[in-house]
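**Q** Everything below, folded, please.
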Amino acid sequence: MAKIEVSTKIKSTVDKVWDIISDIDNETKYWKGTKEIHNISKDGNKINREVIIAFRDSKCLQEVTLNPKEKIEIVFTKGIIQGTKTITLKMLEGEILLEAIWDVKLSGMMGMFTGMIKKHVKSGTEQALQAIKLEAER
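**A** Reported below is the predicted structural model:
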């Protein structure tokens with residue numbers, strides 16, 4: 001498994017940052033590795049969806065759980081990626097710590113390339129958090 005941890009501090013309110021990151025239908029605006037999103041079902045704070053990712057235009061199924069103003073848990077349930085992505089908000093003095101943690105691997109024969117994609121996922125995550133920070137600090 002590849003574990004990737006990226007964080008940034010944001011000078012904004014929890015509400016503003018949460019409004020941005022919890023708008024998961026708008027994820028492609030910030031997360032360039034996510035090309036398309038198709039929601040399949042929603043039950044309370046759980047959403048099942050299909051996403052098309054930039055890696056070989058692969059389809060992945062995800063179960064997303066929104067824990068308001070605290071974290072978003074994404075479990076890859078089917079597709080080329082196996083594992084989780086968790087986005088958390090922590091209140092600090094006068095700012096918010098936004099953290100994204102991936103614990104993933106590529107499935108099947110693609111598993112041997114997990115190390116190679118780790119660098120790309122980390123870079124994409126850094127870019128996403130910076131874009132979210134810019135939006136939240138407006």
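**Q** only C-alpha atoms for contact and neighbour calcs from this point on.
**A** OK.
**Q** What residues sit buried inside stretch 100-113?
**A** Buried residues in stretch 100-113, counted by 16 or more other CA atoms under 10 Å: 100-102, 104-107.
**Q** tell me the centre residue of this structure?
**A** Centroid-nearest residue in the chain: residue 85, 5.5 Å away (criterion: CA atoms, centre = their mean).
**Q** And that one, how far from residue 121?
**A** To residue 121, residue 85 is 11 Å away according to CA to CA, to the nearest Å.
**Q** can you check residue 63 too?
**A** In terms of CA to CA, residue 63 sits 19 Å off from residue 121.
**Q** With residue 15 instead?
**A** Per CA to CA, residue 15 is found 27 Å from residue 121.
**Q** follow-up on the earlier one: you'd agree the residue nearest to the centre of the chain is in a helix?
**A** No. Residue 85 is assigned strand when assessed by DSSP: H, G, I helix; E, B strand; the rest coil, not a helix.
**Q** Quick check: beta-bridge partners of it?
**A** residue 74, residue 102 (DSSP bridges).
**Q** got a list of what it touches?
**A** 73-75, 100-104 (CA atoms under 8 Å, 6 or more residues apart in numbering).
**Q** Go again with 7 Å.
**A** Counting by CA atoms under 7 Å, 6 or more residues apart in numbering, residue 85 makes contact with 73-75, 100-103.
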